[in-house]
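K.L.:
Turn this into a structure:
(one chain, ligands or ions: 1)
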Amino acid sequence: MHIHSADFVCSNNDITKCPEPNKPEYAFIGRSNVGKSTLINKMVQRKGLAKTSGRPGKTQLINHFLINEAWYLTDLPGYGYAKVSKTSKEKFQKLIEDYIIERPNLVNLFVLIDSRHEPQKIDLEFMEWLGELEIPFSMVFTKTDKLGSGKLNTNIKVYSKKMLQTWAEMPVFFATSAETGEGCDQVLNYIEQLNNQ
Ligand code: GDP
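P.N.:
Reported below is the predicted structural model:
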């Protein structure tokens with residue numbers, strides 16, 4: 001998919017204030033520091049569109065971007081950052097849950113996973129929760145440039161094995177790097193494919 005426009009629409013912490021749900025929407029989520037903002041910027045080729053925080057856990061808003069005047073890309077708050085207060089954590093956990101459950105035009109959720117790490121309980125539980133709610137999602141392994149291809153394949157295999165303890169099959173997944181651009185086209189083409197269905 002060629003990106004010819006990427007515009008910031010709004011940021012908010014209230015799902016009733018999200019843009020009118022009149023276009024297909026794709027949301028990106030993951031643990032703080034997983035590389036979400038950097039990957040979004042790389043995919044849409046706009047350096048400062050999604051804010052790269054440097055301060056994990058700080059972006060606790062739902063950010064909407066309009067891509068090619070045709071679909072919404074949503075940057076959701078990062079989950080699982082230990083250093084925010086419990087009340088604040090519960091508040092944005094609820095915000096994320098409400099958004100995922102209630103957003104009628106959400107076509108697919110991209111769950112970002114740092115390719116360097118072993119499967120983490122918080123990500124596995126989050127995906128199980130998505131499964132229970134029958135929310136369509138794909139996995140996006142990030143920062144692949146930090147690993148050799150051998151190690152990357154091993155890590156993905158370990159992850160698949162873990163997923164298959166719960167799931168009948170491995171969800172659609174992508175291996176990406178915001179550094180080299182690996183996988184960005186694949187994610188965008190997948191979105192295009194879903195847009196055309
Ligand atoms: P977010 O909290 O998930 O939005 O994470 P950021 O996009 O702010 O990235 C967290 C850190 O990881 C930053 O220092 C980025 O420069 C770095 N980073 C993000 N993506 C990549 C990547 O693909 N490769 C490498 N080497 N570093 C990355």
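
K.L.:
in a strand, that's where Leu73 is, yeah?
P.N.:
Yes. Under DSSP: H, G, I helix; E, B strand; the rest coil, Leu73 falls within a strand.

K.L.:
For it, which residues are in contact?
P.N.:
Taking C-beta atoms under 8 Å, 6 or more residues apart in numbering as the criterion, Leu73 is in contact with Ala6, Glu25, Tyr26, Ala27, Phe28, Ile40, Val44, His64, Phe65, Leu66, Ile67. Glycine gets a C-beta too; all of them are placed from N, C-alpha and C.

K.L.:
Closest to Ile96 out of the residues you listed?
P.N.:
Ala27 (9.3 Å; C-beta to C-beta).

K.L.:
Not counting residues beside it along the chain, what's closest to that closest one?
P.N.:
In space, Ala27 comes closest to Thr74 once its chain neighbours are excluded; the distance is 4.0 Å by C-beta to C-beta, 6 or more residues apart in numbering.

K.L.:
residues touching that neighbour, list them.
P.N.:
Each residue near Thr74 by C-beta under 8 Å, 6+ apart is listed here: Glu25, Tyr26, Ala27, Phe28, Ile62, Asn63, His64, Phe65, Tyr99, Leu106.

K.L.:
try 7 Å
P.N.:
Under the criterion of C-beta atoms under 7 Å, 6 or more residues apart in numbering, the neighbours of Thr74 are Glu25, Tyr26, Ala27, Phe28, Ile62, Asn63, His64.

K.L.:
Out of those residues, name the ones that lie in helices.
P.N.:
Among the contacts of Thr74, the subset assigned to helices under DSSP state H is empty.

K.L.:
give me the subset of those residues touching the ligand.
P.N.:
When contact is defined as C-beta under 6 Å from any ligand atom, those do not meet the ligand at all.

K.L.:
count of residues packed around Asn13?
P.N.:
When counting by other C-beta atoms under 10 Å, one arrives at 12 neighbours for Asn13.

K.L.:
Mind jotting down where the helices sit in the chain?
P.N.:
If you assign secondary structure with DSSP H, the helices in the chain sit at 36-44, 86-102, 121-132, 149-163, 184-195.

K.L.:
Now mean pLDDT too, for these, in JSON lines please.
P.N.:
Conversion of the helices of the chain to JSON lines gives the following (pLDDT from 0 to 100):
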{"stretch": "helix 36-44", "mean pLDDT": "95"}
{"stretch": "helix 86-102", "mean pLDDT": "81"}
{"stretch": "helix 121-132", "mean pLDDT": "92"}
{"stretch": "helix 149-163", "mean pLDDT": "96"}
{"stretch": "helix 184-195", "mean pLDDT": "97"}
